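**Student:** structure of the sequence below:
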Amino acid sequence: MKNVIVGQSGGPTAVINASLLGVYRKAKELGANKVYGMVYGIQGLLEKRLVDLDEYLADSGNQELLKRTPSAFLGSCRYKLPEPALHHPTYEKIFAILRELDIDAFFYIGGNDSMDTISKLSTYSCMTYSDTLFVGIPKTVDNDLAITDHTPGYGSACKYIANTLKELVRDGLVYQNPVISVVEIMGRDAGWLTASACLVKDDDCEGVEMILLPELTVDIPHFLQKVGAIVKQGKSAVIAVSEGIKVADGRYVCQLADEGTQKDPFGHVRLAGTSRYLADLIAQTYGCRTKSMELSFMQRSASHCQSLTDVTEAESLGAYAVQLAYEDKSGIVATLVRTSNNPYNCKLDYSAVHHVANAVKKIPLSWIDGENYQVTQELVDYIRPLVEGHLEPIWDKGLAKHLILKK
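**Tutor:** Have a look, this model is predicted:
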């Protein structure tokens, strides 16, 4: 391969830059002359906002720093390509830029929308007999990407969430008077992140009392009954809830407090206030002390809490994507296939990208104990290996040091 190009898209994670490093290292190993980075993803490519990654990553020290840097080093975007059609001006412009740069392979690191981008570009490539190869590299803390066993970014987010909740459990037990803390965690359609609360329970921690996931609707009276039993015992408790939980009529719980909940530019209800609504409801019903909190963006880019498993797999998938392109494969996404939980083992594989794009993988209902608002041992065994190990940050003046793109 002469030249390759790579971009990052969608929400950031703690390990998306490890996948970028994997692409760079493998491309150079296989003889690529230039490894270009798209600044702000496909949207930046359309504006010819590019960087030669040699400028940053020829230095081995910077490579190690990049691996420990959270969020998307190249910048990201949420840009939806139109449906591919011959002579479409958007595609004509993209492919003209790729020809100008003499690009052999195009890599995109991201989630569902990013795989949709790879699917559309590879379709247009086939329609126009282009030689450029298109390969997707999975990334999302939501872990809702189809086919792959799990996605890079998820394990580190779980590690952060579980450790944070464990500390909250300890915090709540300090005082004699009990407090019910309701913690809101990301997850519109799938509860993978919230499910990581199951890791908190161990021989040194009581664990969270309840876990509410969007895969099952919430019966508010039943929920309050369960909380009432906790209050009656006079003990503090932490309840983990997904932002996207709904009641039986299809409304999000956060909408119960505000029927005029705002929507984002894509028409999705803005999910915020679920924990506040439930905490207020518990306080009003039982007269007990409650707290509500949203982990919000803190949970997705906490590189100081990187899982070593997560970092290693993210870099491996980036390198493997380049190897697949080197073998002349296109219109695909690199994936992980789990072969064993104990000892944990995942192998690298790939799938046609159209099997992955725009599909949402949810937690199997058999892994959820809906009656008790808990999860089964199968889900615990699925998540636990993904948070193992730790990559120590490079500390500077007491804070984790990052590699940044010059403006």
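**Student:** for the most centrally placed residue in the chain, helix, strand, or coil?
**Tutor:** Closest residue to the average C-alpha location of the chain: residue 141 at 1.5 Å, with CA atoms, centre = their mean. Three-state assignment for residue 141 (DSSP: H, G, I helix; E, B strand; the rest coil): coil.
**Student:** kindly report the same for residue 230.
**Tutor:** Going by three-state DSSP: residue 230 is helix.
**Student:** might one say that it is in contact with residue 237?
**Tutor:** Yes - with contact defined as CB atoms under 8 Å, residue 230 reaches residue 237; the gap is 4.9 Å. Quick note: C-beta positions are derived from backbone N, CA and C, even for glycine.
**Student:** so those two - more neighbours on which side?
**Tutor:** Per other CB atoms under 10 Å, whichever of residue 230 and residue 237 has more neighbours is residue 237, with 22 against 19.
**Student:** before we move on, the earlier item: which residues are common contacts for residue 230 and residue 237?
**Tutor:** Both residue 230 and residue 237 are contacted by 180, 209, under the criterion CB atoms under 8 Å, 6 or more residues apart in numbering.
**Student:** before we move on, back to that, name the nearest residue to the residue nearest to the centre of the chain, sequence neighbours excluded.
**Tutor:** Nearest-residue entry for residue 141: residue 157, 4.1 Å, with adjacent residues in sequence omitted and distances by CB to CB, 6 or more residues apart in numbering.
**Student:** before we move on, what about residue 330?
**Tutor:** residue 133 (3.9 Å).
**Student:** quick one, what contacts that neighbour?
**Tutor:** 104, 105, 106, 125, 325, 328, 329, 330.
**Student:** how many neighbours does the closest residue to residue 178 other than its chain neighbours have?
**Tutor:** Leaving aside its sequence neighbours, residue 178 sits nearest to residue 236 (CB to CB, 6+ apart; 4.4 Å). Neighbours of residue 236 under the rule other CB under 10 Å: 25.
**Student:** test my guess that residue 236 contacts residue 179.
**Tutor:** Yes - in this structure, residue 236 is within contact of residue 179 by CB under 8 Å, at 5.1 Å.
**Student:** identify the contacts common to these two.
**Tutor:** The contact lists of residue 236 and residue 179 share residue 172, where a contact means CB under 8 Å, 6+ apart.
**Student:** give me the number of residues near residue 304?
**Tutor:** Quick note: residue 304 (other CB under 10 Å) scores 17 neighbours.
**Student:** and for residue 252?
**Tutor:** 21.
**Student:** what sits against the residue nearest to residue 178?
**Tutor:** Neighbours of residue 236 in contact, by CB under 8 Å, 6+ apart: 172, 173, 175, 178, 179, 180, 181.
**Student:** mind checking the backbone torsions on the nearest residue to the first one once chain neighbours are set aside?
**Tutor:** Spatial nearest neighbour of residue 172, excluding adjacent residues (CB to CB, 6+ apart): residue 236 at 3.7 Å. The main-chain torsion angles of residue 236 are listed as degrees, to the nearest 10 and equal phi -70, psi 160.
**Student:** in stretch 312-323, what's buried?
**Tutor:** Neighbour-count burial for stretch 312-323, counted by 16 or more other CB atoms under 10 Å, picks out 312, 313, 314, 315, 316, 317, 318, 319, 320, 321, 322, 323.
**Student:** oh sorry, the question was meant for stretch 93-103
**Tutor:** 94, 95, 97, 98, 101, 103.
**Student:** among the residues you listed, which ones are in helices?
**Tutor:** 94, 95, 97, 98 (DSSP state H).
**Student:** can you get me a residue count around residue 370?
**Tutor:** 16.
**Student:** quick one: it from residue 222, how far?
**Tutor:** 10 Å (CB to CB, to the nearest Å).
**Student:** got it, and residue 196?
**Tutor:** In terms of CB to CB, residue 196 sits 24 Å off from residue 222.
**Student:** these two: who's more crowded?
**Tutor:** Neighbour totals were compared for residue 196 and residue 222, and residue 196 leads with 31 against 12 (other CB under 10 Å).
**Student:** strands of the stretch 301-407 of the chain, start to end?
**Tutor:** Remark: strands assigned in the stretch 301-407 of the chain by DSSP state E, counting those that start in this stretch are 332-341, 344-352, 368-369, 374-375, 395-396, 399-400.
**Student:** close enough to count as contact, residue 208 and residue 196?
**Tutor:** No - with contact defined as CB under 8 Å, residue 208 does not count as touching residue 196 (10.2 Å).
**Student:** related to what we said a few turns ago, got TSV for the contacts of residue 236, with pLDDT too?
**Tutor:** TSV is the format used below for the contacts of residue 236 (pLDDT from 0 to 100):
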residue	pLDDT
172	86
173	83
175	79
178	90
179	95
180	96
181	97
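**Student:** filter these down to the buried ones, PyMOL style.
**Tutor:** To isolate the buried ones among these in PyMOL, judged by 16+ other CB under 10 Å, type:
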select buried, resi 172+178+179+180+181
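**Student:** which of the contacts of residue 236 fall in strands?
**Tutor:** 179, 180, 181 (DSSP state E).
**Student:** dump the residues you listed to CSV, plus distance to residue 53.
**Tutor:** Formatted as CSV, these follow (distance: CB to CB, whole Å):
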residue, distance to residue 53
179, 49
180, 49
181, 44
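**Student:** closest to residue 286 out of the residues you listed?
**Tutor:** residue 180 (8.3 Å; CB to CB).
**Student:** and that closest one, how far is that from residue 73?
**Tutor:** In terms of CB to CB, residue 180 sits 40 Å off from residue 73.
**Student:** got it, and residue 307?
**Tutor:** Taking CB to CB, one finds residue 307 at 19 Å from residue 73.
**Student:** likewise residue 18?
**Tutor:** Applying CB to CB to residue 18 and residue 73 gives a distance of 10 Å.
**Student:** of the contacts of residue 133, closest to residue 48?
**Tutor:** residue 106 (14.9 Å).
**Student:** now do the contacts for that closest one.
**Tutor:** 4, 5, 6, 98, 118, 121, 132, 133, 134, 135.
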